[in-house]
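Student: next one to model:
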Amino acid sequence: MKLYIKYMVSLRCKMMVMEELKKLDLNHAVVDLGVVELHENISTEQRDLLKKNLLKSGLKLLDDKKSILIESIKNLIIEMVHYSEEMPKVNYSDYISEKLGYDYTYLANIFSEVKGTTIQQFIIIHKIERAKELLIYDELNLTEIAHKLHYSSVAHLSNQFKKITGLTPTFYKQLKNKRKKNLEDI
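Tutor: Reported below is the predicted structural model:
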């Protein structure tokens, strides 16, 4: 049996869900971002209790198919951008369509209808968030970050970065360094 959970977007969320499943003595096969696969079906009472306990942690058990599909798209993108070592070699649209088993146009229309933004824009926002993380960690230079996030060039990454944040990647990195120096002076 599969359960779909909204707002489950980090490893910490996965740990909270596993803890709740353990409390209810529910055996799981898989706990992934946004989805839990159980070995057996659960009763309505168990489902209600799980739903109530997850809400306390800010997570929501999903019931309707449209919400489940939207969360699946979001979690797939978050997993792809933030947690995968290697971005897919194919177009994102092909990747998402293949992973979820739906036509991309159908997925894009539902996503836009519900979220008020496009899948492409959602991907860009997450890629920029990932770029910000990588800039702060200071382990990769801008060229390496552009390559890691599958940008065609540093200029393309820089343009999207500035469009989303209002800052250039270089200026963003300098701000971090200035903040660090200011903290050291205290």
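Student: what about Gly34, neighbour count?
Tutor: By other CB atoms under 10 Å, 27 other residues sit near Gly34. Backbone N, C-alpha and C define where each C-beta goes, glycine included.
Student: chain neighbours aside, what residue packs nearest to it?
Tutor: Spatial nearest neighbour of Gly34, excluding adjacent residues (CB to CB, 6 or more residues apart in numbering): Asn75 at 3.6 Å.
Student: pretty sure Asn41 is in a helix, no?
Tutor: No - secondary structure of Asn41 (DSSP: H, G, I helix; E, B strand; the rest coil): coil, not part of a helix.
Student: quick one: the residue nearest to Gly34 from Lys14, how far?
Tutor: Separation of Asn75 from Lys14 (CB to CB, to the nearest Å): 11 Å.
Student: between the two, what contacts are shared?
Tutor: Met8, Asp32, Leu33 (CB atoms under 8 Å, 6 or more residues apart in numbering).
Student: between these, which sits nearest Leu59?
Tutor: Among those, Met8 lies closest to Leu59 (CB to CB), at 5.7 Å.
Student: related to what we said a few turns ago, between the shared contacts of Asn75 and Lys14, which sits nearest Lys56?
Tutor: The closest of those, once distances to Lys56 are taken by CB to CB, is Met8, at 14.0 Å.
Student: longest helix in the chain, please.
Tutor: Longest among the helix segments of the chain by residue count, using DSSP state H, is helix 119-137.
Student: mean confidence score for stretch 101-117?
Tutor: The average pLDDT within stretch 101-117 is 94.
Student: show me what contacts the residue nearest the centre of the chain?
Tutor: Central residue of the chain (CA atoms, centre = their mean): Ile78, 2.1 Å from the mean position. By CB under 8 Å, 6+ apart, the residues touching Ile78 are Val9, Leu33, His126.
Student: neighbours of the first one, just the number please.
Tutor: The one in question is Val9. Look at Val9: counted by other CB under 10 Å, it has 18 neighbours.
Student: just give me the neighbour total for the nearest residue to Glu98 once chain neighbours are set aside.
Tutor: Once flanking residues are discounted, Glu98 sits nearest to Val90: 7.8 Å by CB to CB, 6+ apart. Counted with other CB under 10 Å, residues neighbouring Val90 total 11.
Student: helix, strand, or coil at Val90?
Tutor: Three-state assignment for Val90 (three-state DSSP): coil.
Student: can I see the domain layout of this protein?
Tutor: Following automatic domain parsing, one finds the domains of the chain at 1-63, 122-185.
Student: lowest confidence element among the helices and strands of the protein?
Tutor: Within the chain, no helix or strand scores below helix 169-185, which has a mean of 69 by mean pLDDT, DSSP states H and E.
Student: show me the shaky parts of the protein.
Tutor: 177-186 (pLDDT under 70).
Student: do a quick rundown of the strands in it.
Tutor: Remark: strands assigned in the chain by DSSP state E are 2-6, 28-32, 35-38, 60-61.
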